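K.L.:
can't give you the sequence, but here's the structure:
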């Protein structure tokens, strides 16, 4: 064992150091089919109005309000994709289906439920006003309107708007390529038999899920041995082709903890220890060519919590997101929360609604090795440093993972 040469940084300071040194990746143009979930690298601006013509919102009859209603002769039909040709004359109506073009001269649509049909004539309510039951041109978008802001993710509604305007390519930020590996001679691949003192490598798979959820493309490197040369060779190959290196384990101060010394030799280590529970050994380094390296602790909860607090915001910045962090909300403690001395603690909780409040209940033992404390958790409650703790009923901030 050896003493750590790294100062203990406050969690907020460490998070700031990470984001300050995280670049935004370059942009690329992709086809519309590859755009969902990506982040717009430039404002997407409407080049034409939407809808492009007056379109009926209902099935019914297009009329001229100046006729005053009453008995009108039906002179044709306007269906979606098959408009009525010509202009609607005085005393006439045209049958119109949802999505059909309002004929020239018409200025209102009477719903079919509101009329009486009599052969080739129709009786509509008297004094039926103009502008009813149709979408005017430009009602949704006008030329020059911004439909997607730079830094905004492209969800289903945004993709639909872009497609409706006939835009088939978008400029988006590139997804970060992340190399992910576990370290430790005690680790065994999932499905393999365990020998004495060995454990199954679960961290890599949990981190894989979290990294993909954060938008990263992940290159799985497998399990690295606790030997300097093979570890160095594996890392060098990974950082050559990826933007980010994420390791699990090997960042403490034992004689087999080799990640920090390796990162020191390859770049600059900015964070080596954090006043955080769980996650004290978290490590962050920058490597040549603006690449990033994160050494996460080996305990399962520690690795996932540090990914949430430090890595996920950095991955979102790399992708160009304008909003980097998960939402935070005040919650009322439904239990007595012990404080972590000089360390900020993220406790895993279940939330329930009581009137206007979200009430937090502990998921049980908060041991950094107990992954069940995170399974099904709705939030990470932030317990500031201190010695006295916080009694039930206290309001604290929570990082929201999923609302109940």
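P.N.:
Everything's here; your move. Just so you know, these numbers come straight off a predicted model, no measurement behind them.
K.L.:
in the helix or strand where residue 122 lies, what counts as buried?
P.N.:
Counting by DSSP states H and E, the element that carries residue 122 is strand 121-124. Within strand 121-124, the residues scored as buried using 16 or more other CB atoms under 10 Å are 122, 123, 124. For the C-beta atoms, the positions are set from N, CA and C on the backbone; glycine is no exception.
K.L.:
Can you give the strand pairings for that strand, parallel or anti for each?
P.N.:
strand 70-78 (antiparallel), strand 116-118 (antiparallel) (DSSP bridges).
K.L.:
I'd like the distance between residue 233 and residue 240.
P.N.:
11 Å (CB to CB, to the nearest Å).
K.L.:
Check the secondary structure at the residue nearest to residue 15 when sequence neighbours are not counted for me.
P.N.:
Distance criterion CB to CB, 6 or more residues apart in numbering; nearest residue to residue 15, sequence neighbours excluded, is residue 310 at 5.8 Å. Look at residue 310: counting by DSSP: H, G, I helix; E, B strand; the rest coil, its state is helix.
K.L.:
Neighbours of residue 310, how many?
P.N.:
Neighbour count of residue 310, defined by other CB atoms under 10 Å: 24.
K.L.:
and it, what does it touch?
P.N.:
14, 15, 18, 282, 284, 294 (CB atoms under 8 Å, 6 or more residues apart in numbering).
K.L.:
counting contacts, what elements does whichever strand or helix holds the third one pack onto?
P.N.:
In this assignment (DSSP H and E), residue 18 forms part of helix 11-20. Identification of packing neighbours for helix 11-20 by 3 or more CB pairs under 8 Å, 6 or more residues apart in numbering; DSSP states H and E yields strand 268-271, strand 273-277, strand 283-287, helix 312-318.
K.L.:
pLDDT below threshold where in the stretch 201-350 of the chain?
P.N.:
Scanning the stretch 201-350 of the chain for pLDDT under 70 picks out 252-256.
K.L.:
What segments of it are helices?
P.N.:
For the stretch 201-350 of the chain, the helices defined by DSSP state H, counting those that start in this stretch cover 203-213, 228-241, 259-266, 300-306, 312-318.
K.L.:
Dump the ones you listed to JSON lines, plus distance to residue 179.
P.N.:
Formatted as JSON lines, these follow (distance: least, CB to CB, whole Å):
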{"stretch": "helix 203-213", "distance to residue 179": "10"}
{"stretch": "helix 228-241", "distance to residue 179": "4"}
{"stretch": "helix 259-266", "distance to residue 179": "13"}
{"stretch": "helix 300-306", "distance to residue 179": "15"}
{"stretch": "helix 312-318", "distance to residue 179": "13"}
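K.L.:
how about those helices, which one is nearest residue 331?
P.N.:
Across those, residue 331 has its closest neighbour in helix 300-306 (17.2 Å, CB to CB).
K.L.:
What are the buried residues along the helix holding residue 18?
P.N.:
Quick answer for helix 11-20 (16+ other CB under 10 Å): 11, 14, 15, 17, 18.
K.L.:
Contact partners for the second one?
P.N.:
Read it as residue 14. 271, 274, 276, 282, 284, 310.
K.L.:
Tally up the residues packed near the closest residue in space to residue 287 that isn't next to it in sequence, please.
P.N.:
Nearest residue to residue 287, sequence neighbours excluded (CB to CB, 6+ apart): residue 267, at 3.9 Å. For residue 267, the neighbour count with other CB under 10 Å is 18.
K.L.:
again, but for the one 10 residues further on
P.N.:
By the other CB under 10 Å criterion, the neighbourhood of residue 277 contains 22 residues.
K.L.:
For residue 84, grab the count of nearby residues.
P.N.:
Counted by other CB under 10 Å, the residues lying close to residue 84 total 21.
K.L.:
Contact partners for the nearest residue to it once chain neighbours are set aside?
P.N.:
The shortest distance from residue 84 to any non-neighbouring residue, by CB to CB, 6+ apart, is to residue 78 (3.9 Å). Residue 78 is in contact with 56, 62, 84, 94, 95, 96, 97, 100, 101, 102, 103, counting by CB under 8 Å, 6+ apart.
K.L.:
Mind checking which of these land in helices?
P.N.:
The members of these all map outside helices under DSSP state H.
K.L.:
May I see the PyMOL selection of the buried members of these?
P.N.:
In PyMOL, this line selects whichever of the contacts of residue 78 come out buried by 16+ other CB under 10 Å:
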select buried, resi 56+62+84+94+95+96+97+100+101+102+103
